[in-house]
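Q: Any chance you could fold what I've pasted below:
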Amino acid sequence: MASTGPSTSIRFGAFEMDAASGVLRKGGIAVKLHPQPFRVLQLLVENPGQPVTREEIRHCLWGENTFVDFERGINFCVNQIRAALGDDADNPKYVETLPRCGYRFIGFTPPTNGDAPQEARPAPSAAVAPITSPHRIRVLAFTAAGLLLAVLGAFTLDLGGLRSRLLAKRTPPPIRSLAVLPLQNLSNDPEQEYFSDGITDALTTDLSQISALRVISRTSAMRYKKTDKSLPQIGRELGVDAVVEGTVQRSGNRVRITAQLIQVDTNKHIWARSYDRDMQDILSLQGDIARTIAQEISAEVKPQEKLRMTSVRPINLSAVENYLQGQYHYQKAKDMGLHFGEAKVHEAQLNQALTLFQRAVAEDPNYARAYIGMGEIWGVPATFPYPPTSLEQPAREAFRKALAIDPELAEAYVDLGRIDYRFWNWSALEQEARRAIELNPNLASAHILYSAYLNSVGRMDESMAEAELAQALDPDTDRVAWVFYCQRRFDRFIEIKRSYISRHAFDPMPHYHLGYGYERAHIYKEAVDEWETAMNGFGDNSLARDLRQGYTKSGFRGAMRAWAAGLELIAKQGGTVHPDLPAYLYSILGDRDRAFAWLEKSMQMRTAQPPALKTDPTVDDLRSDPRFNDFLRRVGLPQ
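A: Residues are numbered from 1 along each chain as shown. Next up, the predicted model:
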């Protein structure tokens, strides 16, 4: 795109922005605008009236090798720009949103007849002025005629198959992968958002049972909810051939769903249809849509897969309502991840979800997926904080109840496997992971679980293969990075984590993980920087301050001592401290007695670290101690 010129000062309306200093002023007074939003505004202003795509903004802010979720970062920048300019997204004076494209700056007043244009076109150089002599024209005419006769001759005689190739009907490339984008809620009621999300999840689940298709997981696809990105861009980022998008509108017990299948490279609509159904038919409708899509793209559906999509039992509408609302709150809790600063909100969301799942089961004792929801809240360590070990049995019973109702629920096998991973039941874990993959090859969580098992027992090549499968199904996962970490390939781990951070600018957890990679690679200053960023992001500002002060006073080891002391103080005051971290810090400091004391607590709590002791680099400093072999024996890892 063309720049407005070499001047570093640009005026529009009452504003002046100085590109050299990065300062925006209104009436000569500086307006607060952070560097990234300033760069986006500069990009828009330098291209007045021209569309600036989200891809161009991404490249401006983060450069190459960014493929998934920079949506929040761009939205943040645009919101900050509008706040600084006093602009309104619905009635813009400066920045206009272009749906499924990007943005356009509309803040310049078009020049009048007496005004000088903002940009003058340079006159063509004499060196490139066109030659228009009669002799030149005759030469060009004869040359063009000769070329035309040659092409016509080749076409008529079909030389080299030219005519066959030009007239052959182009066959569109086959569709072997797709993503279900979040269906839009058209019910004019934000409280119905849970319903459209639930239909999206159910349609994704039905399609993912078709082994001939690669279907992107909910986790990655839901990041495009209410996005302005174009479908080709979404397709490139998710690595799919097609997307399903549509709307959900509910009125009482009637539901209207529209769905369309779009090939992303050509932006061509392959199929579209609207459905008006009663709520009683909602579960069978999802299967109908999935089967129709499979037929449209000529995907092979095996008999057992078709049976799973067509087997629908009678439903209790009240139970469905409670389950969908419970799932909505549970997903919100999981999306918070391990953000320590949001622990109370996270716990409230989990409690609300659990209550709704229990209501669903009370309304319909044969609602298998409601039992899965209950069991996950009770016993799956993906939630924060780690569930008490006393909830292991209630969780197992819930998953077994779900499987007794529906023996082909792959998710229930994954959840049982997660519990067996935590409690070191290796044989059962392997069987459950393999069974889940057999039932649903598109279930990313099943491949992640199997990769974790293979990693724990030291089968690293197989673990990497499963991690890569998981990443293809859920591009937002980072399981591949952790296999590199356990292979001591810290350069690759750091590279992937840095890319992940570029896509998740407001998530502190990848900064926390990246600190581990830098420390194991002996890049200590960067490790402290990343951990300090993470602690601030988690809301643990005192720990961040301890890290920085310790580093300033005594270097890296001083930072580790200060961090460990801060964690000890939190534990002494009754706060939650995951024992894996102080065990790691004391091992770095060479204080093996304290390291093993905290590792013992980790064993008792059944946290994430003990199952990976065989391959985890974070305990490398303890491996030569005789006590370490006793821990390995207790975990019972297969040899």
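
Q: so where's the stretch 351-500 of the chain shaky on pLDDT?
A: By pLDDT under 70, the low-scoring segments of the stretch 351-500 of the chain are 381-385.

Q: do that again at 90, thanks
A: Where the stretch 351-500 of the chain drops to pLDDT under 90, the residues are 379-390, 475-478, 499-500.

Q: For Leu181, which residues are in contact?
A: The contact partners of Leu181, by Cβ atoms under 8 Å, 6 or more residues apart in numbering, come to Thr200, Ala221, Tyr224, Ile234, Val243, Val244, Glu245. Bear in mind the C-beta positions are built from the backbone N, C-alpha and C, glycine included.

Q: Take the residues you listed and lay them out in TSV including neighbour count, distance to Glu305 and pLDDT.
A: Converted to TSV, the contacts of Leu181 look like this (neighbours: other Cβ atoms under 10 Å; distance: Cβ to Cβ, whole Å; pLDDT from 0 to 100):
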residue	neighbour count	distance to Glu305	pLDDT
Thr200	24	20	92
Ala221	26	20	91
Tyr224	22	26	89
Ile234	21	26	89
Val243	22	21	93
Val244	23	17	92
Glu245	20	23	91
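
Q: how about these in TSV, adding secondary structure and distance to Leu473?
A: Formatted as TSV, the contacts of Leu181 follow (DSSP: H, G, I helix; E, B strand; the rest coil; distance: Cβ to Cβ, whole Å):
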residue	secondary structure	distance to Leu473
Thr200	helix	16
Ala221	helix	11
Tyr224	helix	16
Ile234	helix	16
Val243	strand	15
Val244	strand	16
Glu245	strand	19
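
Q: could I get the residues you listed as TSV with distance to Asp420?
A: As requested, these are exported to TSV (distance: Cβ to Cβ, whole Å):
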residue	distance to Asp420
Thr200	30
Ala221	29
Tyr224	34
Ile234	36
Val243	36
Val244	34
Glu245	38
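
Q: Mind picking the two most distant members of those?
A: Spatially, the most separated pair among the contacts of Leu181 is Thr200 and Ile234, at 14.5 Å (Cβ to Cβ).

Q: Do a quick rundown of the strands in the stretch 101-250 of the chain.
A: Here the stretch 101-250 of the chain has its strands, by DSSP state E, counting those that start in this stretch, at 102-105, 177-180, 184-185, 214-215, 242-251.

Q: out of those, deepest packed?
A: Of the strands of the stretch 101-250 of the chain, the one with the most neighbours on average (mean count of other Cβ atoms under 10 Å) is strand 177-180, at a mean of 26.

Q: what comes into contact with stretch 593-601?
A: 579-580, 582-584, 586-587, 609, 619, 621-622, 625, 627, 631.

Q: and what of stretch 227-241?
A: 53-55, 67-68, 71, 97-102, 173-179, 181, 214, 216, 220-221, 224, 242-243, 245, 262-265, 267, 472, 475.

Q: what about the closest residue to Phe490 other than its chain neighbours, how many neighbours?
A: Nearest residue to Phe490, sequence neighbours excluded (Cβ to Cβ, 6 or more residues apart in numbering): Ala521, at 4.0 Å. Ala521 is flanked by 17 other residues according to other Cβ atoms under 10 Å.

Q: shouldn't Ala521 be in contact with Asp491?
A: Yes - with contact defined as Cβ atoms under 8 Å, Ala521 counts as touching Asp491 (7.0 Å).

Q: Any figure for the gap between the residue lying closest to Asp201 once chain neighbours are set aside and Arg606?
A: Among residues not flanking Asp201 along the chain, Arg218 sits closest, at 5.7 Å (Cβ to Cβ, 6+ apart). The spacing between Arg218 and Arg606, counted by Cβ to Cβ, to the nearest Å, is 27 Å.

Q: sorry, back to before: check the residue nearest to Phe490 and give its pLDDT.
A: For Ala521, the pLDDT comes out at 97.

Q: So what does it look like in phi/psi?
A: The phi and psi values for Ala521, taken as degrees, to the nearest 10, are phi -90, psi 0.

Q: residues contacting it?
A: By Cβ under 8 Å, 6+ apart, Ala521 lies in contact with Phe490, Asp491, Ile494.

Q: The second one belongs to a helix, doesn't it?
A: Yes - going by DSSP: H, G, I helix; E, B strand; the rest coil, the assignment for Asp491 places it inside a helix.

Q: what's it in contact with, if anything?
A: With Cβ under 8 Å, 6+ apart, Asp491 has these contacts: Ala521.

Q: got a pLDDT number for Asp630?
A: pLDDT at Asp630 comes out at 94.

Q: Looking at the strands of the stretch 101-250 of the chain, spot the one closest to Lys332.
A: Closest approach to Lys332 among the strands of the stretch 101-250 of the chain is made by strand 184-185 (15.4 Å; Cβ to Cβ).

Q: what's the closest one packed up against?
A: Applying 3 or more Cβ pairs under 8 Å, 6 or more residues apart in numbering; DSSP states H and E, we find strand 184-185 packed against helix 193-208, strand 242-251.

Q: List of residues touching it?
A: With Cβ under 8 Å, 6+ apart, strand 184-185 has contacts from Gln192, Glu193, Phe195, Ser196, Glu245, Gly246, Thr247, Val248, Gln249.

Q: if you set the cut-off to 7 Å instead, what comes out?
A: Gln192, Glu193, Ser196, Thr247, Val248 (Cβ atoms under 7 Å, 6 or more residues apart in numbering).

Q: Of all pairs in these, which one spans the longest distance?
A: Glu193 and Thr247 (12.8 Å).

Q: that older thread, what's the closest of the helices and strands packed on strand 184-185 to Leu307?
A: helix 193-208 (12.3 Å).

Q: Show me which positions of that closest one end up buried.
A: Within helix 193-208, the residues scored as buried using 16 or more other Cβ atoms under 10 Å are 194-208.

Q: Tell me the one of the residues you listed nearest Tyr551?
A: Asp197 (43.6 Å).

Q: Quick check: that closest one vs Met509, distance?
A: Separation of Asp197 from Met509 (Cβ to Cβ): 23 Å.

Q: can you confirm Ile262 is in a strand?
A: Yes - under three-state DSSP, Ile262 falls within a strand.

Q: give me the number of residues near Arg236?
A: Neighbours of Arg236 under the rule other Cβ under 10 Å: 15.

Q: could you measure the residue nearest to Tyr94 when sequence neighbours are not counted against Leu589, distance?
A: By the measure of Cβ to Cβ, 6+ apart, the closest residue to Tyr94 outside its immediate chain neighbours is Gly107, 3.8 Å from it. Using Cβ to Cβ, Gly107 is found at 56 Å from Leu589.

Q: And Arg418, by the same measure?
A: 32 Å.

Q: what do you get for Val480?
A: Taking Cβ to Cβ, one finds Val480 at 31 Å from Leu589.

Q: Counting by contacts, list what the longest helix along the chain packs against.
A: The longest helix of the chain (DSSP state H) is helix 541-572. Using 3 or more Cβ pairs under 7 Å, 6 or more residues apart in numbering; DSSP states H and E as the contact test, the elements touching helix 541-572 are helix 524-538, helix 580-589.

Q: in it, what's buried?
A: So helix 541-572, judged by 16+ other Cβ under 10 Å, has buried residues 543-544, 546-548, 550-551, 556, 558-564, 566-568, 570.

Q: likewise stretch 522-532?
A: By neighbour count on 16+ other Cβ under 10 Å, the buried set for stretch 522-532 is Ile523, Tyr524, Ala527, Val528, Asp529, Glu530, Trp531, Glu532.

Q: could you dump it to CSV, C-alpha only?
A: Listed next in CSV are the C-alpha coordinates belonging to stretch 522-532 (Å, rounded to 0.1, in the frame of the first residue of the first chain):
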residue,chain,number,x,y,z
HIS,A,522,20.9,-21.7,30.5
ILE,A,523,19.5,-18.5,29.1
TYR,A,524,18.9,-17.1,32.6
LYS,A,525,18.0,-13.4,32.1
GLU,A,526,15.3,-14.2,29.6
ALA,A,527,14.0,-16.9,32.0
VAL,A,528,13.6,-14.4,34.8
ASP,A,529,11.9,-11.9,32.4
GLU,A,530,9.4,-14.5,31.3
TRP,A,531,8.6,-15.6,34.8
GLU,A,532,8.2,-12.1,36.0
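
Q: That concludes my questions; thank you for your assistance.
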